[in-house]
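**Student:** With the input below, show me the fold.
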Amino acid sequence: MQSFSKYISGIFTALRSLLKGMGVTWKEFWTKKVTMEYPENRETLVISDRWRSELIMPHDENNEHACTACGICMMNCPNGTIKVISASIATEEGKKKKILDKHIWDYGSCTYCNLCVITCPSDAIIFNNDFEGAVFDRNKLVHQLNKPGSKLRDKKVKNE
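**Tutor:** Okay, the predicted model is just below:
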């Protein structure tokens, strides 16, 4: 007898749950929709600043960047989408110095976790919010972030 009452109680619990879910569905059916009419509203479209889409390396007007080729972004990338290729040069003092040769990012396998940006000690890379990244060829998803002929920005001396 106890199992029968448990069975009936389970049926009423299920019905109550179903009616509650249908009530939420019915309420949402009548609320005003907020669908964006993309691409018709491309000029007026507002994208959140928190949206992460494309990794970029900002360069100034002298084609200089802040990347020191330390490789921390590459080490912290959970699935290896970043490759930092460095070169070694000799300075005027005769010492060897590591410089950035290529900073490669694979747009197609990035998880947009932001670990590379957060851990970069020189703030050399950032995510922008340009969301139109669809391509037909997968090879076009691999980007070189440093521009050809770019070099490391000189550290500015702070005036005290």
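
**Student:** Show me where the chain has its strands.
**Tutor:** For the chain, the strands defined by DSSP state E occupy 54-56, 64-65, 82-90, 96-106, 126-128, 142-144, 151-152.

**Student:** Mind putting those strands into TSV with mean neighbour count?
**Tutor:** The way it works is simple: take the backbone N, C-alpha and C, and place the C-beta from them, glycine included. Output for the strands of the chain, formatted as TSV (neighbours: other Cβ atoms under 10 Å):
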stretch	mean neighbour count
strand 54-56	18
strand 64-65	18
strand 82-90	15
strand 96-106	16
strand 126-128	15
strand 142-144	14
strand 151-152	16
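
**Student:** Tell me which of those lies nearest to residue 24.
**Tutor:** strand 126-128 (34.5 Å; Cβ to Cβ).

**Student:** about what we covered before: can you say which of the strands of the chain is nearest to residue 73?
**Tutor:** Nearest of the strands of the chain (Cβ to Cβ): strand 82-90, 5.3 Å.

**Student:** from memory residue 145 sits against residue 104, does it?
**Tutor:** Yes - with contacts counted by Cβ atoms under 8 Å, residue 145 reaches residue 104, the gap being 7.5 Å.

**Student:** and the helix ranked longest in the chain, how far from the chain's centre?
**Tutor:** Under DSSP state H, the helix in the chain containing the largest number of residues is helix 2-30. Its chain's C-alpha centre and that of helix 2-30 lie 41 Å apart, by Cα atoms, centre = their mean, to the nearest Å.

**Student:** Next: stretch 60-80.
**Tutor:** 14 Å.

**Student:** Good, we can wrap up now.
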